[in-house]
Every structure is written in structure tokens, then in C-alpha cells.
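I'd like to go over a predicted model; first the sequence, then the structure.
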Amino acid sequence: MDNTQKIILGVAVVTLVIAIIIYFRSQGEEGVQVKLSPPPPPPPQRPPSTPITDGGGDRDGDGGTDAKVLVLFFAPWCGHCKAMGPAWNEFVQNFDGYNGVKLLKINGQENQQLMQIHQISGFPVVKFCPRGLRSSEGVMYDGDRSVQSLAQFLQQYA
């Protein structure tokens, strides 16, 4: 860079500094006020995960002490459980309360005691429990994961 370029660059810098000073002085005695928008509200907190999900009929979520229940044992990470979800939801909408049978969905990871009672070792598992959820008595479902097949099983055992 030769001397002429240095002088031009120096004059440009001085001009820029003068322009900045004039701008700030023109803003009045209070100076430049930066307006910050308030932070966005925090996302709504989800209620803690409910280990036993009411299938639509039982408000206590345990099927009662001796109520007939058809229960889906699932795990949130299980791909087969996720794939079965839409069919189970449709099944619950159409058949919850059929012949007095309550339909429940239980997170097996959060209900190890029930997993032991019902001898469940994998997911998903559907089981009909004629004496309620706390009894180990019942019939394991081994059909396909369709609404029609679940309905046939329910009609057979309810």
C-alpha cells in the first residue's frame, strides 16, 4: 500500500468515526436505546409419563381390582409397538367397554412389577385378564396386530 492509499484510508476511517459520533449525539441525551423483545414463554411442561394409560374406560387406570381387562404391554422405544399404535388406538375407540372389558395400555418399562406378574419379557404383548390386572390369570394374544384380529380375540374371551 503506497502513501496515497494510506491517506485515503485514514480519511475514510476519520469520516466514519465522525459520522458515528454525530449519529449518537442526534439520538438525544438518553443515547441509543436498544429494545429487546421479552424472551419467548417456556414451552408448556408435559405431565409426567403415566405408566398405565387408560384405554378410555377406567379412570383409575388399573382396570379395577377384579374387572376384566385387555391390556397392551408396550415400550416407548419399541418399533413393533409404534407400528401397532394406530391399530390399537382404533381398536380402543371401537371396543373399549365391550362386554364390560376395559382396554388398557401399559408401559412395561415403568411397570416392572406387572411385567413379572404377567410373565412378560418382550414387547408388544396383548393379554386378556379376566380377573383384573393384578391377577396373573389370563390369556396371551398371539394373532396379528390388526383391529379385526384383536376384535375377534376380544369377542372370543370377553
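Received it, and whenever you're ready, just let me know what you need. Numbers count the residues shown, from 1 in each chain.

neighbours of Q5, how many?
9 (other CB atoms under 10 Å). Where you see a C-beta, it was placed from the backbone N, CA and C, and this is true even at glycine.

gap between it and V17?
19 Å (CB to CB, to the nearest Å).

likewise P124?
With CB to CB as the criterion, P124 and V17 are 71 Å apart.

quick one, which of those two is more surrounded?
P124 (21 against 10).

list the contacts of the more buried one.
L72, F73, F74, C78, H80, C81, M84, R145 (CB atoms under 8 Å, 6 or more residues apart in numbering).

let me have those in JSON lines, adding neighbour count, distance to P40 and secondary structure as columns.
Output for the contacts of P124, formatted as JSON lines (neighbours: other CB atoms under 10 Å; distance: CB to CB, whole Å; DSSP: H, G, I helix; E, B strand; the rest coil):
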{"residue": "L72", "neighbour count": "25", "distance to P40": "37", "secondary structure": "strand"}
{"residue": "F73", "neighbour count": "24", "distance to P40": "39", "secondary structure": "strand"}
{"residue": "F74", "neighbour count": "23", "distance to P40": "34", "secondary structure": "strand"}
{"residue": "C78", "neighbour count": "16", "distance to P40": "34", "secondary structure": "coil"}
{"residue": "H80", "neighbour count": "13", "distance to P40": "38", "secondary structure": "helix"}
{"residue": "C81", "neighbour count": "21", "distance to P40": "34", "secondary structure": "helix"}
{"residue": "M84", "neighbour count": "21", "distance to P40": "37", "secondary structure": "helix"}
{"residue": "R145", "neighbour count": "19", "distance to P40": "41", "secondary structure": "coil"}
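
report the two of the residues you listed separated the most.
Pairwise distances across those peak at 13.3 Å for F73 and R145 (criterion: CB to CB).

follow-up on the earlier one: which one of the contacts of P124 is nearest to Q119?
For those, the residue nearest Q119 by CB to CB is F73; the value is 10.7 Å.

good, we can wrap up now.
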